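Enquirer: sequence first, then the predicted structure, then my questions.
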Amino acid sequence: MSTDKNLKRIIIEPVTRVEGHGKVSILLDEKNKVKQARLHIVEFRGFERFIQGRPYWEVPVLVQRLCGICPVSHHLAAAKAMDVIVGADKLTPTAEKMRRLMHYGQMFQSHALHFFHLCSPDILFGFESDPAIRNIIGVARKYPALAVQGVMMRKYGQEIIKVTAGKKIHGTGAIPGGINKNLSVAERDTLMKDVKQMMDWSLGALKIAKDYTVENLKTLAPFGSFDSNHLSLIRKDGAMDLYHGNLRAIDAQGDKIFDHVDYQKYYEYIAEEVRSWSYMKFPFIKQLGPENGWYRVGPLARLNTADFIDTPEAEKARKEFMAVTNNKPNNLTMAYHWARMIELVHSMEKIKELLHDKDLQGRDLVTKGKRRDEGVGLIEAPRGTLFHHYKVNKNDQIEMANLIVSTTNNNEPMNRAVQKVAEDKLSGHKITEGLLNNIEVAIRAYDPCLSCATHAMGRMPLVVELFDARGIILDKKEKR
Amino acid sequence: MAKPKIATTSLAGCFGCHMSILDIDDRILKLIELVDFDKSPIDDIKEFSGRCAVGIIEGGCCNEENVHVLQEFRKHCDILIACGDCATMGGIPAMRNNIPLKECIDEAYRNSPTVYNPKNITPNDKELPLLLNRVYPCHEIVKIDYFMPGCPPSADTIWQTLIALLNNKPLELPYELIKYD
């Protein structure tokens, strides 16, 4: 909120939805120089309080209702926390592999959705192109083959979720200590049929993202970019692992801040700052403090933290990706898209590997051990590291819940990106719809859950109002 | 004749119902042939451009802005469909209705094990819409014509409903589509 009477205020609303609307506010001085730019998250739900008292086995199906776009991530993070509660320290091979297949299916559909439905209009038509065609329908008209690919790839991911979780959205597959079904031979064979096609399309999408980034590196490199720390889970041997691992955080130069941290103690390393102007908190690495400890998560961070990827095509792509920044961490906001497509390929390689694994037809689905009263589950969701933490009482009821969702981790980075693009692109200019889309492009790179909503179908609805210091509207633009 | 228009929105939902609309997969291309999308996440139309035949609402109302959007939909749509459990009865977000709002807020911004709040702030800014005392299903705010249960309703349910409406035929859903979790 501005107390300075000479500042003009621009509102972009709704930016999109995170289980509600996000919104950008920009304050300009008389010369249209940007004084402040913020991304506000305007909705509040209260999950952490209202699930208290519910039985713990309900939680994996309950909390996924946080998000219908990547429900599998919440389903699995909660199930992993409940594994700890029921003492299932090592799942049966069938259970772990079924969950992994579900997760890679989710990663595949989510990344395909973001790339084809959301981001491709910006790439194919340009950031400041006509908003009337800058959406998925425009893509379908001009590049029908590409649009169909996007639809079919997302469908394939959703089919994997259906046969592993029972339902495409808000499934029930993962339970405390394991899984409630295996993969039938018929289900496996149906999925097998499309493996080659999906692999080819994934590599095609990777090529589009890579070529676009490399060819436009000069203009994309400074776009909403800044140095930051990066955080993700990492496998014991340093490989990228989207389902399980320990926490690794590195700084902008690649030096380790902490490494192989057991995530059961995540709260000793991560804290979240409350600010008055957003319902979304601002996480930071405790030892560095709120000023310097903020970090990025998601595909870019995962590419930066990983020592290698354990599937051949994705590893080849990772090497090309890292070569652009001389094997130092890549801090370019727009490199998220390329990184995301490398993960798309990796997920497809993993899906293929798992479909050939006989363990998926196993019958040993659930395990348990010594009951505990506290458990933490982390997973690398499509948008980044997702934290679920629960305490359970003797009556099996939830007593405490703490959730740090992927997009929350990227709160400070998205705000930095908004501020940077506003300063670079808007300062001193007459504000146009196209210029404002630049801000949305920067937010979109993070694929925040606040964008997977409305954004999920390629739209960023937008009303911009320019007020003078007395709150009188000077100018109003609507994006249609 | 001009194609009928459809508008959609997500209020206090999780966007899962909209994802289920997307799960009609390649039938979406056929849908674009049958209808035009007005105000909806599928395009860039922010305000209603005219009268709509059908409005699909996901989510109930948890803040003042949700109420405003829902009223706009009622004003501009001939038929309003409450799509999914949140729109029809508040759904999971309505679990907060039994708990004082302050307790929910304190849990997130004061009591959480990772919270850092030295100034004891509660988010409160003119950019943040006011929260309602509880979460309301859509029919408690405006008149709703059809209710589509499910969390989310399946893509086939949504597809068959739209096709029945567009063809002015009664909707007959097989048992598999009206059986839930």
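Expert: Alright, I've got the coordinates.
Enquirer: interface residues of the stretch 301-450 of chain A facing chain B?
Expert: A:389, A:400, A:402, A:404 (CB under 8 Å from any CB of the partner chain). Where C-beta positions appear, they are placed from N, C-alpha and C, glycine not excepted.
Enquirer: max pairwise distance over the residues you listed: which two?
Expert: Taking CB to CB, the two most distant members of these are A:M400 and A:I404; they sit 14.0 Å apart.
Enquirer: more neighbours, these two?
Expert: Remark: of A:M400 and A:I404, A:I404 carries more neighbours, 24 against 18, as counted by other CB atoms under 10 Å in any protein chain shown.
Enquirer: so what's the more buried one closest to, chain neighbours aside?
Expert: Among residues not flanking A:I404 along the chain, A:F387 sits closest, at 3.9 Å (CB to CB, 6 or more residues apart in numbering or on different chains).
Enquirer: from what I see, that neighbour and A:A401 are in contact.
Expert: No - between A:F387 and A:A401 there is no contact under CB atoms under 8 Å: 10.8 Å.
Enquirer: overlap in contacts, these two.
Expert: Shared contacts of A:F387 and A:A401 (CB atoms under 8 Å, 6 or more residues apart in numbering or on different chains): none.
Enquirer: and the residue nearest to A:I404, how many neighbours?
Expert: 25.
Enquirer: which of the three states applies to it?
Expert: Following DSSP: H, G, I helix; E, B strand; the rest coil, we place A:F387 in the strand state.
Enquirer: again with A:N32
Expert: A:N32, by the three-state scheme (three-state DSSP), is coil.
Enquirer: I figured it hits A:L426, correct?
Expert: Yes - because the distance of 7.2 Å satisfies CB under 8 Å, A:N32 is recorded as touching A:L426.
Enquirer: more crowded one of the two?
Expert: Between A:N32 and A:L426, A:L426 has the larger neighbour count (other CB under 10 Å), namely 22 against 15.
Enquirer: thought the more buried one was touching A:L435?
Expert: Yes - proximity of A:L426 to A:L435 meets the contact threshold set by CB under 8 Å, at 5.8 Å.
Enquirer: ok and the residue in chain B nearest chain A?
Expert: Of all residues in chain B, B:G16 sits closest to chain A, with a separation of 2.1 Å (CB to the nearest CB).
Enquirer: identify the residues contacting that residue.
Expert: A:65, A:67-69, A:71, A:169-170, B:58, B:84, B:151-152.
Enquirer: may I have the phi/psi pair for A:R99?
Expert: Torsion angles at A:R99 (phi, psi; degrees, to the nearest 10) stand at phi -60, psi -40.
Enquirer: do you know the pLDDT at it?
Expert: You'll see A:R99 listed with a pLDDT of 98.
Enquirer: with B:H68 instead?
Expert: Each residue has a pLDDT score; the one for B:H68 is 93.
Enquirer: what's the strand or helix carrying it packed up against?
Expert: Here B:H68 sits within helix B:64-76, counting by DSSP states H and E. The elements that helix B:64-76 packs onto, with contact taken as 3 or more CB pairs under 8 Å, 6 or more residues apart in numbering or on different chains; DSSP states H and E, are strand B:5-10, strand B:52-58, strand B:131-136.
Enquirer: quick one, it and strand B:5-10 angle?
Expert: Taking axes from the mean of the first three to the mean of the last three CA atoms, to 10 degrees, one finds helix B:64-76 and strand B:5-10 inclined to each other by 170 degrees.
Enquirer: would you mind listing the buried residues in the helix or strand just after helix B:64-76?
Expert: Sequence order places strand B:77-83 as the next helix or strand after helix B:64-76, per DSSP H and E. Residues of strand B:77-83 classed as buried: B:77, B:80-83 (neighbour count, 16 or more other CB atoms under 10 Å in any protein chain shown).
Enquirer: mind giving me the packing neighbours of strand B:77-83?
Expert: Of the remaining helices and strands, those touching strand B:77-83 by 3+ CB pairs under 8 Å, 6+ apart are strand B:52-58, strand B:146-148, helix B:155-166.
Enquirer: distance from the chain centre to the last one, please.
Expert: A distance of 17 Å separates the centroid of the chain from that of helix B:155-166, by CA atoms, centre = their mean, to the nearest Å.
Enquirer: got a list of contacts for it?
Expert: A:168, B:4, B:6, B:20-25, B:27, B:31, B:34-35, B:53-54, B:79, B:81, B:83, B:146, B:148, B:150, B:170-171, B:173, B:177-178.
Enquirer: cool, and the shortest one?
Expert: In this structure, residues lying in contact with strand B:146-148 by CB under 8 Å, 6+ apart are B:79-84, B:87-88, B:139, B:157-158, B:161.
Enquirer: give me the mean pLDDT for it.
Expert: According to the model, strand B:146-148 has a mean pLDDT of 96.
Enquirer: parallel or antiparallel, list what pairs with that strand.
Expert: Partner strands and pairing direction for strand B:146-148 (DSSP bridges) are strand B:77-83 (parallel).
Enquirer: could you do the first one as well?
Expert: In the sheet, strand B:52-58 lines up against strand B:5-10 (parallel), strand B:77-83 (parallel) (DSSP bridges).
Enquirer: run the angle between the last one and helix B:155-166 for me.
Expert: Computed by the same axes, to 10 degrees, the angle separating strand B:77-83 from helix B:155-166 equals 160 degrees.
Enquirer: what lies in contact with strand B:77-83?
Expert: Residues from elsewhere that reach strand B:77-83 (CB under 8 Å, 6+ apart): B:7, B:17, B:51-58, B:73-74, B:88, B:137-139, B:142-148, B:152-153, B:158, B:161, B:165.
Enquirer: now do 6 Å
Expert: For strand B:77-83, the external contacting residues (CB atoms under 6 Å, 6 or more residues apart in numbering or on different chains) are B:17, B:52-58, B:88, B:138, B:144-148.
Enquirer: now the first one
Expert: Applying CB under 6 Å, 6+ apart, the set of residues contacting strand B:5-10 from outside is A:17, B:18, B:35-40, B:52-56, B:58-59, B:69.
Enquirer: beyond it, next helix or strand please.
Expert: Past strand B:5-10, the next helix or strand by DSSP H and E is helix B:16-22.
Enquirer: what's the mean pLDDT across that following helix?
Expert: On average, the pLDDT along helix B:16-22 is 91.
Enquirer: could you do stretch A:288-299 as well?
Expert: Model confidence over stretch A:288-299, given as mean pLDDT, is 97.
Enquirer: for the residue nearest the centre of chain B, which residues make a bridge with it?
Expert: Taking CA atoms, centre = their mean as the criterion, B:E58 is the residue nearest the geometric centre of chain B, at 1.3 Å. B:E58 has the following beta-bridge partners by DSSP bridges: B:S10, B:C83.
Enquirer: in chain A, which residue sits closest to chain B?
Expert: Taking CB to the nearest CB, chain A has A:G68 as its residue nearest chain B, at 2.1 Å.
Enquirer: for that residue, helix, strand, or coil?
Expert: At A:G68 the chain is in coil, as set by three-state DSSP.
Enquirer: before we move on, what about A:R340?
Expert: helix.
Enquirer: can you check the one 4 residues further on too?
Expert: Taking three-state DSSP as the rule, one finds A:L344 in the helix state.
Enquirer: excluding its backbone neighbours, what's nearest it?
Expert: The shortest distance from A:L344 to any non-neighbouring residue, by CB to CB, 6+ apart, is to A:H111 (4.3 Å).
Enquirer: buried residues, the stretch of helix or strand the one you found belongs to. List them.
Expert: Counting by DSSP H and E, the secondary-structure element that holds A:H111 is helix A:93-112. Residues A:94-112 are the ones in helix A:93-112 that count as buried (16+ other CB under 10 Å).
Enquirer: check stretch A:318-332 too.
Expert: Here stretch A:318-332 shows A:318, A:321-322, A:324, A:329-332 as buried, counting by 16+ other CB under 10 Å.
Enquirer: ok, stretch A:369-376 next?
Expert: Residues A:375-376 are the ones in stretch A:369-376 that count as buried (16+ other CB under 10 Å).
Enquirer: list the contacts of that stretch.
Expert: Contacts made with stretch A:369-376 from outside it, assessed by CB under 6 Å, 6+ apart, are listed as A:81, A:84-85, A:87, A:263-264, A:389-392.
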